[in-house]
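A.B. asks: Quick one, fold the following:
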Amino acid sequence: MFQNTSESLFNMYEGYATGRQLSETVPEFLSRLPPLQTKLADLGPWIYISNPSYRHTFTGEDIQGLKEAGAELLHAFSKTKADIESRLATKAKAVVSRNINIARKQLEKDILTLARKKGVTSGKWMLFPQPQDVNRVWSLVAQATADGELGHAAKVATDDGSGDRARLICAYNEDYADEAGVRKSLDCLVRMGLVEGSGPAKTNRGIYYKADAFTWLDIFSKNEWGLKPSMYSSKEILQSAKRDEGS
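C.D. replies: Numbers count the residues shown, from 1 in each chain. Alright, predicted model coming up:
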């Protein structure tokens, strides 16, 4: 276990072997836990770092409550969808789809309302560097997080033995509805060359932001409810900014 060496700073991962400690510099942390070489079997699935100037705790999060009530919302939508398909069986497909989409949009709103009620308001920008580039990308994200330029925390996947599969890096902020904060984090990632149009070919693509509530409810791509897992895309935000500048 590690010891906190500063009373003026806060580290949610202090004392955990998989997190950066206040007693070590960011380069020392990166050298101790390089994601390319760190094995899931040895230390678990994630390596973590937090912004030491930001005091964040998870005591207000009711994850279990979110999962239970969220499962009820998803089940209710599945029943509603089946009812619509049965009731409008003789109607055109466009009519059926329109009614289902209305119910699906309400489901999205209900999930986010539930998440806020349960205190699960965090979210993250997601990066997927290739293994050969993960140490470089993580070093940029880790330093920016420690310097307070991103959100309150970040994590990177360790080596699970899958070979050439891209590694996930998450850059977190506390509130998915804080559009200014979400944009601030995106701008930082753009400056570091990790978003479309500002980096090498392997990172020359858009990235997506996902509310943690959707992750806890196992809402991923191609899910059975037809929900869009992500809340924001870098392309949409950056294109909107360009339009605003040109108006």
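A.B. asks: what about Gly161, how many residues close to it?
C.D. replies: As a burial measure, the neighbour count of Gly161 was computed by other CB atoms under 10 Å and equals 9. Placement of C-beta: from N, CA and C, glycine included.
A.B. asks: Just the pLDDT for the closest residue to it other than its chain neighbours.
C.D. replies: Taking CB to CB, 6 or more residues apart in numbering as the measure, Gly161 lies nearest to Leu40, with 7.2 Å between them; neighbours along the chain are not counted. pLDDT for Leu40: 96.
A.B. asks: Glu14 is in contact with Leu22, isn't it?
C.D. replies: Yes. Because the distance of 6.4 Å satisfies CB atoms under 8 Å, Glu14 is recorded as touching Leu22.
A.B. asks: re the thing from before, shouldn't the residue nearest to Gly161 be in contact with Val156?
C.D. replies: No. Shown here, Leu40 and Val156 do not form a contact pair, counting by CB under 8 Å, at 11.8 Å.
A.B. asks: Between those two, tell me which one has more neighbours.
C.D. replies: The neighbour comparison of Leu40 against Val156 (other CB under 10 Å) goes to Val156, with 28 against 14.
A.B. asks: Tell me which residues are up against the helix or strand hosting the more buried one.
C.D. replies: Following DSSP states H and E, one finds Val156 within strand 153-157. Residues outside strand 153-157 that contact it (CB atoms under 8 Å, 6 or more residues apart in numbering) are 12-13, 35, 45-51, 56, 134, 138, 141-142, 145, 167-172.
A.B. asks: Give me the sheet partners of it and which way each runs.
C.D. replies: On the basis of DSSP bridges, the sheet neighbours of strand 153-157 come out as strand 46-50 (antiparallel), strand 169-173 (antiparallel).
A.B. asks: now these as CSV including distance to Arg116, mean pLDDT and mean neighbour count?
C.D. replies: Written out in CSV, the entries for the strands paired with strand 153-157 read as follows (distance: least, CB to CB, whole Å; pLDDT from 0 to 100; neighbours: other CB atoms under 10 Å):
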stretch, distance to Arg116, mean pLDDT, mean neighbour count
strand 46-50, 22, 97, 23
strand 169-173, 15, 97, 25
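A.B. asks: Mind putting these into TSV with distance to Leu74?
C.D. replies: What follows is the strands paired with strand 153-157, written out as TSV (distance: least, CB to CB, whole Å):
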stretch	distance to Leu74
strand 46-50	26
strand 169-173	23
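A.B. asks: Between those strands, which one is closest to Thr215.
C.D. replies: Distances from Thr215 to each of the strands paired with strand 153-157 were compared using CB to CB; the shortest belongs to strand 169-173, at 9.3 Å.
A.B. asks: gap between that closest one and the chain center?
C.D. replies: For strand 169-173, the distance between its averaged C-alpha position and the chain's averaged C-alpha position is 5 Å (CA atoms, centre = their mean, to the nearest Å).
A.B. asks: quick one: low-confidence ranges for the chain?
C.D. replies: 1-7, 56-59, 197-205, 243-247 (pLDDT under 70).
A.B. asks: Could you pull out the strands in it for me?
C.D. replies: 46-50, 123-127, 153-157, 169-173, 208-211, 232-233 (DSSP state E).
A.B. asks: any chance of the ones you listed in a markdown table, with distance to Asp218 too?
C.D. replies: Compiled in a markdown table, the strands of the chain are given as follows (distance: least, CB to CB, whole Å):
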| stretch | distance to Asp218 |
| --- | --- |
| strand 46-50 | 17 |
| strand 123-127 | 16 |
| strand 153-157 | 17 |
| strand 169-173 | 16 |
| strand 208-211 | 12 |
| strand 232-233 | 20 |
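A.B. asks: quick one, domains of the protein?
C.D. replies: Recorded structural domains for the chain (assignment: automatic domain parsing) are 26-53+123-246, 63-117.
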